[in-house]
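# sequence and computational prediction follow.
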Amino acid sequence: MAGYTLRCRSCGTKNRIPSDRAGQPAKCGKCGAPVNTGVLLTERPVTVGDGSFHDLVLKSPLPVLLDCWAPWCGPCKMIGPIMEELAAKWKGKVRIGKLNVDENPQTTEKFQIRSIPTLLIFDNGKLKETLVGALPKQQISQAMAPYM
C-alpha cells in the first residue's frame with residue numbers, strides 16, 4: 001500500500017502513514033505523541049513568517065523547501081509558478097514555504113539571505129542546502145531528491 005513518511009515533532013522518528021489515513025488522527029509509533037497528518041493534504045505553498053518559522057519549518061514533519069523572495073524581484077516572480085507546481089506535485093512529501101524577506105527581517109538575517117531568490121532546504125529541523133538564483137525546475141528537483 002502506498003503511503004507517506006512523517007517525522008514526529010516530539011522525538012523526530014519517521015512514521016509511515018498509509019495514503020488512505022492522510023488527514024486523520026495518528027500517533028508516533030515510538031513516543032505516542034500526536035502526528036499531524038493534515039500536512040499531507042497541502043498542495044499549495046504555505047506562507048512562512050518570523051513568528052511561524054519555528055513551527056512551519058523547524059518542526060515540520062516533512063522536509064521543507066523554503067523560497068525566500070520579495071514582491072519586487074523579477075527572478076522571484078519567475079520561480080513563483082515553479083514553487084506552486086512543485087507544491088502540488090510533492091504534496092505529502094515536501095512542504096513548500098514562501099518567506100517574504102522584506103516582511104521577515106529576523107529569519108532573513110538569521111540565514112544571511114543576501115540575494116533573492118534563495119531556496120533553503122530543511123530536513124528534520126536542520127538547514128541542509130542553500131540554492132541561490134532563479135534555478136530551473138529540474139535543478140531544484142535534483143537538490144530535493146535526497147530528502148524525499
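Received, thanks.

# and for residue 22, the neighbour number?
18 (other CB atoms under 10 Å). For the C-beta atoms, the positions are set from N, CA and C on the backbone; glycine is no exception.

# next, give phi and psi for the nearest residue to it once chain neighbours are set aside.
In this structure, residue 22 finds its nearest non-sequential neighbour in residue 40, 4.0 Å apart by CB to CB, 6 or more residues apart in numbering. Main-chain torsions, residue 40, degrees, to the nearest 10: phi -70, psi -20.

# same question, residue 124
Dihedral pair for residue 124: phi 50, psi 40, per degrees, to the nearest 10.

# go ahead and confirm it touches residue 7.
Yes: using CB atoms under 8 Å, residue 124 is in contact with residue 7, at 6.0 Å.

# can you list the weak-confidence ranges in the chain?
1 (pLDDT under 70).

# so which of residue 124 and residue 7 has more stuff around it?
residue 7 (20 against 15).

# show the contacting residues for the more buried one.
13-15, 60-62, 124 (CB atoms under 8 Å, 6 or more residues apart in numbering).

# which ones among those lie within strands?
Residues of the contacts of residue 7 located in strands (DSSP state E): 14-15.

# buried ones among the contacts of residue 7?
Neighbour-count burial (16 or more other CB atoms under 10 Å) applied to the contacts of residue 7 gives 15, 60-62.

# how about the contacts of residue 7 in JSON lines, adding distance to residue 100?
Below are these laid out as JSON lines (distance: CB to CB, whole Å):
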{"residue": "13", "distance to residue 100": "33"}
{"residue": "14", "distance to residue 100": "31"}
{"residue": "15", "distance to residue 100": "32"}
{"residue": "60", "distance to residue 100": "19"}
{"residue": "61", "distance to residue 100": "24"}
{"residue": "62", "distance to residue 100": "21"}
{"residue": "124", "distance to residue 100": "25"}
